[in-house]
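*Asks:* got a structure for you, letters missing:
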């Protein structure tokens, strides 16, 4: 499908009302021209080598376009819709928080219970008072990231060192976005389910949703389609997790490590939109709404809301734009990935890039925010 063809499909399904006044017929094409101009300018400025931009609803993809390259070094490879991306922190909601939500739904986890109820070794320095909900909301008091050296001796010792950590603040008193908190949640999934996070998420979320190209530690056939991130001493990271802590944990962690494609993320978003209507076979309506209801996080501010694993309106929400409804929830990833889902507008927005390639200096959050504002403005009110 050409860029023009895909945009015409988007016009017909998403933007066009039943009767289009003659003087409004050029505006959708102007929108696409604006998206192209913004992305092309960002590529020229070195903010990213290329991108996949997608808008979908609960039933179909309305717009899907690629820009630039998936790889520029050591040789150029064009961006394609089947490019595999390192999702980075989108791992937190899609794999970890969704797994926790399912275990809550099944009565195996109490959100208000202390984590130490399920992981008895997670105690000391007030950690025994940290609840599951506080970890999901990033108000646990745990440090954002402990020392990388804590992970150099393997996963078991890394976990022991996390259990020995002191808190930065009293639990529940301060928002601090914490990778460590989600490493703890990933460990909790394993303890409760008896399966590692990657196995539980695959068997209980990804396979039932038809997401066959979403996984930790992708195999060689998916690695060949992966967008590289940064260069290491032994070559480019391509299909291997960029996050250094997740890497030292064997590529599987609650905060990072998941890889996926745009089409798989559409399936995930559609399943959550279906759940919001009570029509998902994977997640119950009550579970989805509990999972995505906004919570004030201290210190309270006009933008100080998060959901259980997702962003809502917080200092991390620049990639949210301004046209989504108050029911929208989403997340970004350090590597240049963005996912927002809006049940009120029946809309899924996906922006996938590898902004760190090739020099580690790219930036995409403001760009993604502008694009979703433009494209969501005409979506279902």
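*Replies:* Ah, there it is. What you see is a predicted model; the values in this text were computed from it and never measured.
*Asks:* The chain: strands as residue ranges?
*Replies:* Ranges of strands within the chain are 50-56, 61-71, 77-78, 85-86, 215-216, 231-232, 235-236, 258-260, 295-296, 305-306, 311-313, 329-333, 337-342, 347-353, based on DSSP state E.
*Asks:* Mind putting these into TSV with mean neighbour count and mean pLDDT?
*Replies:* Bear in mind the C-beta positions are built from the backbone N, C-alpha and C, glycine included. Shown next, in TSV, are the strands of the chain (neighbours: other Cβ atoms under 10 Å; pLDDT from 0 to 100):
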stretch	mean neighbour count	mean pLDDT
strand 50-56	26	97
strand 61-71	21	96
strand 77-78	14	98
strand 85-86	29	98
strand 215-216	22	98
strand 231-232	14	92
strand 235-236	14	92
strand 258-260	29	98
strand 295-296	14	94
strand 305-306	22	95
strand 311-313	22	95
strand 329-333	26	98
strand 337-342	28	98
strand 347-353	29	98
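*Asks:* which ones are touching residue 58?
*Replies:* 270, 273, 274, 277, 346 (Cβ atoms under 8 Å, 6 or more residues apart in numbering).
*Asks:* again, only using 7 Å
*Replies:* 270, 273, 274, 346 (Cβ atoms under 7 Å, 6 or more residues apart in numbering).
*Asks:* Model confidence score at the spatially closest residue to the first one that is not a sequence neighbour, please.
*Replies:* Translated: residue 270. The shortest distance from residue 270 to any residue other than its chain neighbours is 5.4 Å, reached at residue 58 (Cβ to Cβ, 6 or more residues apart in numbering). Per-residue pLDDT puts residue 58 at 97.
*Asks:* Residue 21 now?
*Replies:* pLDDT, residue 21: 29.
*Asks:* Now the spatially most central residue of the chain: closest residue in space that isn't a chain neighbour?
*Replies:* Geometric centre of the chain, nearest residue: residue 90, 2.2 Å, by Cα atoms, centre = their mean. Nearest residue to residue 90, sequence neighbours excluded (Cβ to Cβ, 6+ apart): residue 333, at 4.5 Å.
*Asks:* what's across from that neighbour in the sheet?
*Replies:* For residue 333, the beta-bridge partners under DSSP bridges are residue 337.
*Asks:* Quick one: residues contacting it.
*Replies:* Contacts of residue 333 (Cβ under 7 Å, 6+ apart): 87, 88, 89, 90.
*Asks:* can you check residue 195 too?
*Replies:* Here residue 195 is in contact with no residues (criterion: Cβ under 7 Å, 6+ apart).
*Asks:* So it versus residue 86, what's the distance?
*Replies:* For residue 195, the distance to residue 86 equals 23 Å [Cβ to Cβ, to the nearest Å].
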